[in-house]
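**Student:** my questions are about this predicted structure, shown below with the sequence.
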Amino acid sequence: MIQHEIKPVYDKTSRILILGSFPSVKSREAGFFYHHQQNRFWKVLAALADAELPATIEEKKEFLLFHKIAVYDVIASCDIVGSSDSSITNVVPSDIKAIIEKSSITKIYLNGNKAYELYEKYQKKQLEEEGIVIEAVKLPSTSPANAGSSLENLIKAWSVIRKEIYRPMKPLDPELFHALFHWYEHHARILPWRENPTPYRVWISEIMLQQTRVEAVKPYYDRFMEALPTIEDLANVEDEVLMKLWEGLGYYNRARNLKKAAKIVVEQYGGYMPADYEKLLELPGIGEYTAGAIASIAYGIDVPAVDGNVLRVITRVMEWYEDILKPKTKKEITERLQQWLVIGKSREINQALMELGAIVCVPNGKPHCDQCPWDTRCLAYKRDQIEQIPVKTPKKERRKEKKTVFLLEYQGKFAVQKRAEKGLLSGLWEFPNEEEDLTEELIENWLLEHGITEYQVMDQYRGKHIFSHVEWHMKGWKVNVSQEPKDFIWITKEEMEQEYAIPAAFDWLKKEI
Ligand code: SF4
């Protein structure tokens, strides 16, 4: 019985498991696997990881762990006659279940036909018995026995694992920045907040742009700046006026935080936004991206501002397969950008990167690579990976909620009510509604409960609104009533337009007034 010497290499971060088969007398020794000159395994992996070829056994083990690759032998022990693979008997397969359970393995790759054959015969069954279903992919063997395949062809065939190998980001070539500046100078869009980019103007624009398209933000931004031209005006604005200015932009907490932060700026900083990244971060509603944008664009401080646009551009240019929705990916890109920032140029770099992501390396649909200043250096473009990058884990499905909404009219006035002070759309106005799809009988009961005995149903509508985590599927009933129940506030169409902030989720019914 031959005991195989090769020990598994893995840790809890390993993403893929490569299984080799080393049954023969010679190759079962660890020295063969790690050192044989004609074993092209290491050359192939080093090429795919864009790394130096590791030399010693220790370096090779470190290399595997660093790039999140696990390696093991399919066989733990066997009997073998001579050196022929075909004469193996009494095979005891290696226990790969333990590796899968203690790591982050999502796929198994088999190094060559023999490994695949043995895996299919022994381990696959064992895993299935344990209820573990894991994809296994056969790759051409890197062993000297596979002399027909050149190193070049092996690298090509093995490139399917490239996206699963962790590769640290390399510094961006300074020439890339020059090309980017040149492009930005000639292609930047003219936007209201780019003229006279004071900290206040940059701040308001960045908060508005967080969930809304540039074109949609423009009129809101102009109106907001006209009504509240200074931080003091924002700090002292009436809540109702603020909500009205924000009406239609959604995510109303953003507006509430603006006012809270403005008060702090007035009380603690004499009405001037602090020219300090860390202090900006302490203000309500200001996260790393917004603090970076204000600090760099308004004050010229050398800090990165990493939003979804920047993440997409950088991961594509570097052909980086890390999930951009994970905080650690954003952290690593932010740290890298911090190192790459050309001193005194972060204002231009940040804006140019965001602009490139917004209008060339676009989020939806095909990027316009033919218009990109980085087209000759972008690895994702070169390797035809733009559809694979950026990697994003699928979001959880949104919860669907049904609602019945009432548009009650009494002598030219309409019923509204205030939403609760906590939760979704808190403190805003809405049409009376119930959190279910009411039948006609239940609608009658609802009206009676609110003291409405005489009424006429005029029409029925349907509406849908999508929030980030929930969808409202609504049925609306327009009902003319013959009295004015006290449960609601009754307002005219003009009052609704001028004083009462009704969120966009009810626009479909509001337009029926
Ligand atoms: S070449 Fe294409 S994929 Fe690469 S950064 Fe430019 S637009 Fe994006």
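**Tutor:** Here it is on my side, so go on.

**Student:** now the helices for the stretch 251-400 of the chain?
**Tutor:** Along the stretch 251-400 of the chain, counting by DSSP state H, counting those that start in this stretch, helices occupy 253-269, 277-281, 288-293, 299, 308-317, 327-340, 346-359, 379-382.

**Student:** tabulate those helices (a markdown table), appending mean neighbour count and distance to Leu425.
**Tutor:** Heads up, the C-betas are built off the backbone N, CA and C, glycines and all. Output for the helices of the stretch 251-400 of the chain, formatted as a markdown table (neighbours: other Cβ atoms under 10 Å; distance: least, Cβ to Cβ, whole Å):
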| stretch | mean neighbour count | distance to Leu425 |
| --- | --- | --- |
| helix 253-269 | 18 | 10 |
| helix 277-281 | 17 | 27 |
| helix 288-293 | 23 | 22 |
| helix 299 | 19 | 34 |
| helix 308-317 | 23 | 24 |
| helix 327-340 | 16 | 27 |
| helix 346-359 | 22 | 28 |
| helix 379-382 | 18 | 39 |
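
**Student:** want to throw those into JSON lines with distance to Glu512 and mean pLDDT?
**Tutor:** JSON lines is the format used below for those (distance: least, Cβ to Cβ, whole Å; pLDDT from 0 to 100):
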{"stretch": "helix 253-269", "distance to Glu512": "26", "mean pLDDT": "96"}
{"stretch": "helix 277-281", "distance to Glu512": "44", "mean pLDDT": "96"}
{"stretch": "helix 288-293", "distance to Glu512": "38", "mean pLDDT": "96"}
{"stretch": "helix 299", "distance to Glu512": "48", "mean pLDDT": "95"}
{"stretch": "helix 308-317", "distance to Glu512": "36", "mean pLDDT": "96"}
{"stretch": "helix 327-340", "distance to Glu512": "43", "mean pLDDT": "90"}
{"stretch": "helix 346-359", "distance to Glu512": "35", "mean pLDDT": "94"}
{"stretch": "helix 379-382", "distance to Glu512": "47", "mean pLDDT": "94"}
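
**Student:** please produce CSV containing the ones you listed, extended by distance to Glu440.
**Tutor:** Shown next, in CSV, are the helices of the stretch 251-400 of the chain (distance: least, Cβ to Cβ, whole Å):
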stretch, distance to Glu440
helix 253-269, 37
helix 277-281, 54
helix 288-293, 49
helix 299, 61
helix 308-317, 45
helix 327-340, 49
helix 346-359, 48
helix 379-382, 56
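
**Student:** who touches Ile18 in this structure?
**Tutor:** 69-72, 108-111, 161 (Cβ atoms under 8 Å, 6 or more residues apart in numbering).

**Student:** most widely separated two among the residues you listed?
**Tutor:** Among the contacts of Ile18, the pair separated by the greatest distance (Cβ to Cβ) is Tyr72 and Ile161, at 15.4 Å.

**Student:** leaving out sequence neighbours, find the closest residue to the residue nearest the centre of the chain.
**Tutor:** The C-alpha lying nearest the average C-alpha coordinate of the chain belongs to Leu325 (Cα atoms, centre = their mean; 3.0 Å). Leaving aside its sequence neighbours, Leu325 sits nearest to Lys392 (Cβ to Cβ, 6 or more residues apart in numbering; 5.2 Å).

**Student:** equivalent analysis for Ile155, please.
**Tutor:** Spatial nearest neighbour of Ile155, excluding adjacent residues (Cβ to Cβ, 6+ apart): Ala47 at 4.9 Å.

**Student:** which element is the one you found on?
**Tutor:** helix 41-48 (DSSP states H and E).

**Student:** return the helix or strand in the chain with minimum mean pLDDT.
**Tutor:** One helix or strand of the chain scores below all others by mean pLDDT, DSSP states H and E: helix 30-35, with a mean of 62.

**Student:** quick check, Glu319 in contact with Arg383.
**Tutor:** Yes: between Glu319 and Arg383 there is a contact under Cβ atoms under 8 Å: 6.2 Å.

**Student:** those two - which one has more neighbours?
**Tutor:** Using other Cβ atoms under 10 Å as the criterion, Glu319 and Arg383 rank with Glu319 on top: 21 against 13.

**Student:** which residues touch the more buried one?
**Tutor:** Neighbouring residues of Glu319 by Cβ under 8 Å, 6+ apart: 379-380, 383, 385, 389.

**Student:** read off the pLDDT value for it.
**Tutor:** Per-residue pLDDT puts Glu319 at 93.

**Student:** how close does it get to Asn309?
**Tutor:** Computed as Cβ to Cβ, to the nearest Å, the Glu319 to Asn309 distance reads 18 Å.

**Student:** do the same with Asp233
**Tutor:** Using Cβ to Cβ, we find Asp233 at a distance of 30 Å from Asn309.

**Student:** where does the prediction get shaky in the protein?
**Tutor:** Scanning the chain for pLDDT under 70 picks out 1-5, 22-38, 81-86.

**Student:** who in the stretch 301-450 of the chain is up against the ligand?
**Tutor:** 313, 316-317, 360-361, 367, 369, 372, 374-375, 378, 380-381, 386 (Cβ under 6 Å from any ligand atom).
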